[in-house]
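>>> quick one: sequence plus predicted model below, questions after.
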Amino acid sequence: MARLACDAVVLGAGIVGICVALHLQKRGRSVVLVDRRGAAEETSFGNAGLIQREGVYPYGFPHDFGALVRYGFNRTIDAYYHLSALPKLAPFLLKYWHHSRPARHAEQAQRYSKLIEHCVREHDALALEAGATRFIRRNGWMKVFRTERERDKRFAEAEQWRKDFGVHSRLLDAAAFQEIEPHVAPILAGAIHWTDPTSVDDPHGLGLAYLRAFETLGGRFVQGNAASLAADGSGWAMRTVEGPLAARAAVIALGPWADVATRALGYDLPLAVKRGYHMHYRAAGEAQLNHPLLDTERGYLIAPMRRGIRLTTGAEFALRDAIRTPVQLGRAEPIARDLFPLAERLDTEAWMGARPCTPDMLPVIGPAPRHKNLFFAFGHAHHGLTLGAVTGRLVAELVTGEAPFVDPAPFSASRFG
Ligand SMILES: Cc1cc2nc3c(=O)[nH]c(=O)nc-3n(C[C@H](O)[C@H](O)[C@H](O)COP(=O)(O)OP(=O)(O)OC[C@H]3O[C@@H](n4cnc5c(N)ncnc54)[C@H](O)[C@@H]3O)c2cc1C
């Protein structure tokens with residue numbers, strides 16, 4: 001077979017890798033995007049679809065005693081753990097706990113917000129070029145509250161975020177919320193309507209639309225195993241189903257599987273996953289859900305999607321490849337049904353994805369510390385859809401030597417030593 005040659009190979013065709021590949025191809029580089037399966041078929045397939053402009057604080061490990069006790073019993077909806085995984089996960093969890101201390105979390109939010117602030121604009125730009133604006137809804141999303149205590153606490157937080165980060169919201173009491181979402185049961189104390197974010201009604205469809213834009217510009221998508229990546233002179237080589245591939249530069253965008261390539265190259269990065277599930281439901285009768293809603297005190301989200309109402313679950317702490325245990329879905333479903341009239345399930349089994357996480361809650365973006373012409377783009381945790389287009393642009397700028405539009409220093413893998 002003839003040898004494929006290109007300027008850059010991007011490993012991993014999740015939303016992050018697709019956006020990197022598209023941005024590089026837009027800059028006139030010849031790019032091959034490689035995945036072991038179809039594009040956007042893993043974590044980027046089934047997320048909740050939020051482009052979280054308000055997500056300036058990355059999701060931290062709770063530090064209040066009550067929450068820790070609840071989690072200890074392993075009976076909550078928002079978090080669940082495999083007891084057998086704890087010995088292996090303990091070093092990650094300890095670091096995660098450390099970085100989630102309020103003062104440290106606030107520092108991380110300052111760094112993180114520099115990426116987050118561009119998320120809506122960067123997706124809008126790519127979606128326009130890709131003819132994919134039909135996937136994007138512009139009416140924000142909502143956190144809903146069952147108690148006045150939680151509502152008032154979160155209202156104060158939203159006000160603080162407005163001052164600190166310029167994120168906008170409407171603070172709704174029960175009556176105002178009911179007017180906007182009349183089919184939700186009248187059992188809530190109020191809601192925060194985040195008005196800056198957008199949401200996607202088919203994350204897989206958006207990924208495929210970006211892929212088509214990449215291919216239209218001349219990019220190639222081929223199947224191959226990232227584990228075969230190896231240094232080749234000053235560039236990179238790997239095997240694909242279409243033959244051997246040689247590239248001047250390589251970008252590792254393998255999400256939860258980043259370690260498949262990084263370990264072989266000698267990087268021992270503290271990566272773990274928070275798994276999550278989804279299920280679709282038909283809305284009963286004429287019921288309509290107008291916004292994605294996070295049932296904050298219960299810890300699940302429902303979002304109107306093309307396929308139906310998508311219920312997504314919180315964090316499952318387990319080994320990436322351990323058997324699926326959609327316990328949180330089973331717990332959330334009856335509670336979600338009491339909140340909104342869900343009819344029958346539309347999927348034969350629960351979908352599962354694995355959020356690719358770092359213990360300091362920041363993604364890994366930028367040049368590999370010890371290899372030339374190698375770049376990292378993974379660890380986007382709860383916000384890979386949100387940040388896909390931002391990371392895509394930033395990595396493309398770093399690969400091509402342009403001035404980066406965001407300072408990449410806080411996201412360098414070298415922070416892990
Ligand atoms: C329930 C749930 C809800 C979520 N909701 C949101 C949300 O509302 N908003 C948001 O921003 N984020 C959300 N997320 C997080 C988001 O989905 C992820 O951060 C994002 O999809 C990660 O994208 P990625 O491209 O890094 O990884 P992936 O999409 O997992 O892509 C990695 C790719 O690497 C490929 N790969 C793996 N191994 C190999 C190999 N050996 N060789 C070649 N290819 C390989 C895989 O096939 C895959 O295509 C949610 C996640 C979950 C689980």
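Thanks, I have it.
>>> now the longest strand along the chain: buried residues?
Taking DSSP state E as the criterion, the chain has its longest strand at strand 272-283. Buried residues in strand 272-283, defined by neighbour count with 16 or more other Cβ atoms under 10 Å: 272-281, 283. C-betas here are computed from N, CA, C, even on glycine.
>>> looking at the stretch 51-200 of the chain, which residue is nearest the ligand?
The stretch 51-200 of the chain approaches the ligand most closely through Gln52 (5.9 Å), counting by Cβ to the nearest ligand atom.
>>> isn't that residue up against His380?
No - in this structure, Gln52 is not within contact of His380 by Cβ atoms under 8 Å, at 11.4 Å.
>>> more neighbours, those two?
In this view Gln52 and His380 are compared by other Cβ atoms under 10 Å, and His380 has more residues nearby, 30 against 22.
>>> how about the contacts made by the closest residue to that one other than its chain neighbours?
Closest residue in space to His380, ignoring its immediate chain neighbours: Pro363 at 4.7 Å, by Cβ to Cβ, 6 or more residues apart in numbering. Going by Cβ atoms under 8 Å, 6 or more residues apart in numbering, Pro363 touches 115, 377-381, 383, 387, 391, 411.
>>> would you format the residues you listed as CSV with distance to Thr147 included?
As requested, the contacts of Pro363 are exported to CSV (distance: Cβ to Cβ, whole Å):
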residue, distance to Thr147
Leu115, 33
Ala377, 40
Phe378, 38
Gly379, 34
His380, 32
Ala381, 28
His383, 27
Leu387, 32
Thr391, 37
Phe411, 37
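>>> restrict the residues you listed to contacts with the ligand.
Checking the contacts of Pro363 against the ligand by Cβ under 6 Å from any ligand atom, the ones in range are 378, 380-381, 383.
>>> and of these, the nearest to Asp64?
Ala381 (20.9 Å; Cβ to Cβ).
>>> isn't the closest one right up against Val273?
No - in this structure, Ala381 is not within contact of Val273 by Cβ under 8 Å, at 9.1 Å.
>>> between the two, which contacts overlap?
Common contact partners of Ala381 and Val273 (Cβ under 8 Å, 6+ apart): 355-357.
>>> what average pLDDT does stretch 179-191 get?
On average, the pLDDT along stretch 179-191 is 98.
>>> okay, buried residues for that stretch please.
Across stretch 179-191, burial judged by 16+ other Cβ under 10 Å covers 181, 183-184, 188-191.
>>> then stretch 211-221?
Buried, per 16+ other Cβ under 10 Å, within stretch 211-221: 211-214, 217, 219-221.
>>> so how far is the least confident helix or strand in the chain by mean pLDDT from its chain's centroid?
One helix or strand of the chain scores below all others by mean pLDDT, DSSP states H and E: helix 65-73, with a mean of 82. Its chain's C-alpha centre and that of helix 65-73 lie 25 Å apart, by Cα atoms, centre = their mean, to the nearest Å.
>>> so after that helix, what's the next helix or strand?
With elements assigned by DSSP states H and E, the helix or strand that comes after helix 65-73 is strand 79-81.
>>> run the chain-centre distance for that next one.
Distance of strand 79-81 from its chain centroid, counting by Cα atoms, centre = their mean, is 18 Å.
>>> let me know the average pLDDT across stretch 332-339.
98.
>>> kindly report the same for stretch 250-264.
Here stretch 250-264 scores 97 as its mean pLDDT.
>>> now do that stretch: everything it contacts.
For stretch 250-264, the external contacting residues (Cβ under 8 Å, 6+ apart) are 8-12, 14, 16-17, 20, 24, 42-44, 226-227, 229, 235-236, 269, 271, 273, 320, 354-356, 364, 368, 373-380, 384, 395, 399.
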